[in-house]
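**Student:** A structural model of the following input is requested.
(chains A and B)
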Amino acid sequence: MTTTDPSVVASTAGGSTPFVKSVVELDRVVIRLAGDSGDGMQLTGNRFTSETASFGNDLSTLPNFPAEIRAPTGTLPGVSSFQLHFADHDIMTPGDAPDVLVAMNPAALKANLSDLPGGGLLIVDADEFTPRNLAKVAYATNPLEDGSLDGWQLVSVPLTTMTLEALADSGLGKKEAERSKNMFTLGLLSWMYHRPTEGTVRFLERQFRRKPEIAAANIAAFRAGYNYGETTEAFAVSYEIKPAPMAPGRYRNISGNQALALGIVAAGQRSGLPVFLGAYPITPASDILHELSRHKSFGVRTFQAEDEIAGIASAIGASFGGALGVTTTSGPGVSLKSEALGLAVMTELPLVVVDVQRGGPSTGLPTKTEQSDLLQAMFGRNGEAPVPVIAPRSPADCFDAAIEAARIALTYRTPVMLLSDGYLANGAEPWQIPGVDELPDLRVEFATEPNATTPDGTPEFQPYLRDPETLARPWAIPGTSGMQHRIGGLEKADKTGNISYDPANHDLMTRLRQAKVDGIAASIGPTDVDDPAGPDGETASVAVIGWGSTYGPIGAACRRIRRSGRSVAQIHLRHLNPFPADLGEVLRRYDRVICPEMNLGQLSMLLRAKYLVDVESHTQVRGLPFRAAELAAVVQDVIDSTSGAPLAADPAGGAE
Amino acid sequence: MTTVELGMPAEGPIADAIARSLESQGEKQTTLKAKDLKTDQEVRWCPGCGDYVILNAVQSFLPSLGIAREDMVIVSGIGCSSRFPYYMNTYGMHSIHGRAPAIATGLAASRPDLSVWVVTGDGDALSIGGNHLIHTLRRNVNLKILLFNNRIYGLTKGQYSPTSEVGKVTKSTPMGSLDHPFNPVSLALGADATFVGRAMDSDRKGLTAVLRQAAEHQGTALVEIYQNCNIFNDGAFDLLKDPTTGVQWSIPLEHGKPLVFGADGGSCVVRGEFGGLRIAETSQVDSSEIVVHDATREDPSYAFALSRLSSQDLRYTPMGVFRSVPKPTYDRMMADQVEEARTSSPADLDALLTGGDTWTVSA
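**Tutor:** Sure, this is the predicted structure:
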């Protein structure tokens, strides 16, 4: 916990309290809530996040939960956690390590303690440290009593007992009343960090509107936890984290999956087209299906297909009919969709394919994050089948990325792969809500008239006669008179779209499809480079390049480096295919380029192959985001060992 | 004159495009002749293939539905039969192996104003695409599925298919195939198909009659068409095509008529054990015992029992419409949900984006 200006003042809250409580002002804090999968840690975390967002702090979250819905109670595999980083300034990551760990049982303590730095605040539910629960996770002695936690500020609280006491008159059975202990904990934390409470009360009333007694019990537990904080001697200090300065505007807290779904709705509205989502449930992408299925009033049709293949196939069918076809999945689903994706490449129909990446290969780590589908997105199809690839960089950015994916798909008549990941999907942050008029205009022109003539002068429609600028083919939809045509997976003759096995035509069409995708670079801006001049007025000689969700950790690492007086550049790629046109030139400006990725070096392989630049790969596949401090150490080593020798580059200037 | 009811018209830019395309001609051209449905593409099936006969029958029959060419879409998968769309002057997609029902589902569900047809084969629909077929049938999407069953893989040059009889000697089964075949009609009924029919490629009249009923059915209609592959499985259906044996072994299904067949009506269908049906000699049973065909029975057990009369050597094969029952279609119900949502909360993007708990930072 970083304490700035520790203005300790006597608390004015709770005049009846016999203790004088002090308030310490902090600039930021990282809290991790850990408990059993059934303890409701994700809900508690989300509520605390909402309170924090509405208070006006900048924030970033990292939910971390097992793939099992209910692993055996009290075991290590069943531990679920939620980390929240909030601050009075803008932050980029959910935090490397917690300042505060709340452990609801021995398993949660055991699984998370190693992440809590020495001296950190440790709050545990003492009631759960029973011999039976201790034995489940092989604690020979009770850590609350054996002195093994002396290195931390341990606050052992009988959370369960106090919750039961608070609900003694609620009429609920013991088991049911116990379930509210997460709300007791939330109340306690809300007091500790001066969070507003009305939102949670409203939320509970709404959530349990059909079970008013449960709503009342949860609210009672929540208030009891708050009051306990105010009156107990166990906590002498509460903390204030002032709102962060943010650009003027309207904000809401949003997760990546939610933002992505809203982006798709917005793309439908801005194009005027009906949206058709074909999807098969898969972690961690299902929430996009859930969210979109609620927005039928926007002409959004959601189809829960029989499998991944039917998900994409139905979306292709809908696109043929003039809809904005979308399919959402994760890596294993992309594998299944590969053949149909090739059909969309061949038929040149607009399609947005969302891959919320998770740990692989095979079933892998369904609930953990990874960036290991980049090469699959780029090349995972038979034949030369180029597909544009873009990736959002933060949860809120998923909104813009979805609109950009739709723009490319609709403008260029191509499937587009949007690579989100598990961290972005479930993580949340404040989002400055854009005005609807500021969103891009995505309207399309369907072809309604012949665009060519036959040798005998009869007007005819040629479905593969391309737009000279974008190389997109015309989109003529069924129902349009006189435009009947057939498309399919067989190679098409240039212009007419008839079946063609002609060698020269296949060569031409293969190159045309590639040129069309390459040409998208003309519609995107220059490479996003953040290279502020250092104290000596010099720009950096070392750059860190990333894509997707590593934007936050890399950015945070670069800030640390810069604070140490060194210069470093951050290059971030939203478009992975095609790359921005100036990327090769940008990379060659730096003596050394480091590429951190949550895979074994997929982007660095692409960059090295395309630009002949000696990009240095730094990788990690732990199922979790990078820690900013670790990245900063890597980058600092590179900076300090760089003598200023330029990167070895191809004498002819690279592959371009 | 339209005999087929299409769903709600399209709206938005789709409707605009359709309207623009009609500016010069005024209204949709629904009076068609068979030749209007032909394309300039050379038909490339083997000479003598049963597919030619089916193509001709379809081109002759479709104009009678009174649907404009541009409102018809034919989606196919992979296999000989799946070349069908190239020869039809409608919209079409020759897609990938087994996936045509899924592609057509997306199209039909988002465009109820179209008449969507799937052309598939025994390998395409029952082997690689089996999953899509059964789920399409249970959903009752408004699609017409023509399953050309030649009991062989033709395009890959002669391997056995999921409808080949046990013991089939082919390139991939030199000692005879081991797997038991699917009965496509039984399979479709097991998936609760609302319309199931069977016809013979060479029987223009019977085929047209089944196709017409399929076209008029609201929902998924599966029509199994026995189709001769004269290269790799020639004569597969001769037992039923031969004037003598055909009469003996085919059971014509006519709604409301007693199930009597064979030379001089010598055979008939009566109730068997456990709700099943069996064949009897007409002279040996009382006429009241003979089953009167009722394709509209809600319970599919009867239609299923009918489908089980035939064996894999094609003896006692019912031909015609097994089942035709009304049931709400998926696309209609989906459209209704969209409509209902629009009525209860009109689309307001700004309200959606600012929905939930928000806060304002002022300058």
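**Student:** which SSE is whichever residue of the stretch 501-650 of chain A sits closest to chain B in?
**Tutor:** Closest to chain B within the stretch 501-650 of chain A is A:Tyr501: 11.3 Å, counting by CB to the nearest CB. (Glycine included, C-beta is placed from N, CA and C.) Assessed by DSSP states H and E, A:Tyr501 sits outside every helix and strand.
**Student:** show me what contacts the closest residue in space to it that isn't next to it in sequence?
**Tutor:** Spatial nearest neighbour of A:Tyr501, chain neighbours left out: A:Glu491 (6.8 Å); criterion: CB to CB, 6 or more residues apart in numbering or on different chains. Each residue near A:Glu491 by CB atoms under 8 Å, 6 or more residues apart in numbering or on different chains is listed here: A:346, A:499-501, A:505-506, A:509.
**Student:** pull the CA atoms of whichever strand or helix holds A:Ala609 into PDB?
**Tutor:** A:Ala609 belongs to helix A:602-611 when assigned by DSSP H and E. Output of helix A:602-611 as PDB, limited to C-alpha atoms (Å, rounded to 0.1, in the frame of the first residue of the first chain):
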ATOM      1  CA  GLN A 602       4.100 -15.700 -31.900                       C
ATOM      2  CA  LEU A 603       4.100 -12.000 -32.600                       C
ATOM      3  CA  SER A 604       7.800 -11.800 -32.500                       C
ATOM      4  CA  MET A 605       8.000 -14.600 -35.000                       C
ATOM      5  CA  LEU A 606       5.700 -12.700 -37.400                       C
ATOM      6  CA  LEU A 607       7.700  -9.500 -36.900                       C
ATOM      7  CA  ARG A 608      11.000 -11.200 -37.500                       C
ATOM      8  CA  ALA A 609       9.800 -13.000 -40.600                       C
ATOM      9  CA  LYS A 610       8.200  -9.900 -42.100                       C
ATOM     10  CA  TYR A 611      10.700  -7.200 -41.200                       C
END
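**Student:** helices or strands up against it?
**Tutor:** Helix A:602-611 makes packing contacts with helix A:374-379, strand A:542-547, helix A:583-588, strand A:592-597, strand A:616-619 when contacts are defined by 3 or more CB pairs under 8 Å, 6 or more residues apart in numbering or on different chains; DSSP states H and E.
**Student:** can you rerun that using 6 Å?
**Tutor:** In terms of contacts (3 or more CB pairs under 6 Å, 6 or more residues apart in numbering or on different chains; DSSP states H and E), helix A:602-611 is packed against strand A:592-597.
**Student:** can you get me a residue count around A:Asp456?
**Tutor:** A:Asp456 has 5 neighbouring residues, counting by other CB atoms under 10 Å in any protein chain shown.
**Student:** re earlier: count the neighbours of the residue of the stretch 501-650 of chain A closest to chain B for me.
**Tutor:** Here the number of neighbours of A:Tyr501 (other CB under 10 Å) works out to 9.
**Student:** and the gap between it and A:Ser481?
**Tutor:** Distance, A:Tyr501 to A:Ser481, using CB to CB, to the nearest Å: 31 Å.
**Student:** state the distance from the residue of the stretch 451-600 of chain A found nearest chain B to A:Gly311.
**Tutor:** Across the stretch 451-600 of chain A, the shortest distance to chain B (CB to the nearest CB) belongs to A:Gly488, at 3.0 Å. To A:Gly311, A:Gly488 is 20 Å away according to CB to CB.
**Student:** so these two - more neighbours on which side?
**Tutor:** More neighbours surround A:Gly311 than the other of A:Gly488 and A:Gly311, with 30 against 23 (other CB under 10 Å).
**Student:** close enough to count as contact, the more buried one and A:Leu277?
**Tutor:** No. With contacts counted by CB atoms under 6 Å, A:Gly311 stays clear of A:Leu277, the gap being 8.4 Å.
**Student:** can you give me the helices for the stretch 101-250 of chain B?
**Tutor:** Taking DSSP state H, counting those that start in this stretch as the criterion, the stretch 101-250 of chain B contains helices spanning B:122-123, B:130-139, B:184-190, B:204-216, B:238-241, B:243-249.
**Student:** and chain A, which of the ones you listed is closest to it?
**Tutor:** Closest approach to chain A among the helices of the stretch 101-250 of chain B is made by helix B:130-139 (3.9 Å; CB to the nearest CB).
**Student:** which strands and helices lie in contact with the closest one?
**Tutor:** Right, helix B:130-139 is packed against helix B:100-110 by 3+ CB pairs under 6 Å, 6+ apart.
**Student:** around chain A, pick out the residues from the stretch 1-150 of chain B.
**Tutor:** Applying CB under 6 Å from any CB of the partner chain, we find that the stretch 1-150 of chain B lies next to chain A at B:12-14, B:17-18, B:20-22, B:69-71, B:73, B:85-86, B:89-94, B:96, B:99, B:102-107, B:110-111, B:114, B:131-132, B:135.
**Student:** buried among those? Need that as a selection in PyMOL.
**Tutor:** Command for PyMOL, covering only those of the residues of the stretch 1-150 of chain B next to chain A found buried under the criterion 16 or more other CB atoms under 10 Å in any protein chain shown:
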select buried, chain B and resi 13+14+17+18+21+22+69+70+71+73+85+86+89+90+91+92+93+94+96+99+102+103+104+105+106+107+110+111+114+131+132+135
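**Student:** count the neighbours of the residue lying closest to B:Ser81 once chain neighbours are set aside for me.
**Tutor:** Leaving aside its sequence neighbours, B:Ser81 sits nearest to B:Phe148 (CB to CB, 6+ apart; 3.8 Å). B:Phe148 has 28 neighbouring residues, counting by other CB under 10 Å.
**Student:** ditto for the one 3 residues further on
**Tutor:** The tally of other residues near B:Arg151 (other CB under 10 Å) stands at 24.
**Student:** then A:Ala313?
**Tutor:** A:Ala313: 34 surrounding residues under other CB under 10 Å.
**Student:** read off the pLDDT value for B:Glu5.
**Tutor:** We note a pLDDT of 77 for B:Glu5 in this prediction.
**Student:** for A:Val9, that is, sorry about that
**Tutor:** 39.
**Student:** any idea which residue of chain A is furthest from its center?
**Tutor:** Computed with CA atoms, centre = their mean, the residue of chain A farthest from its C-alpha average is A:Asp456, at 56.7 Å.
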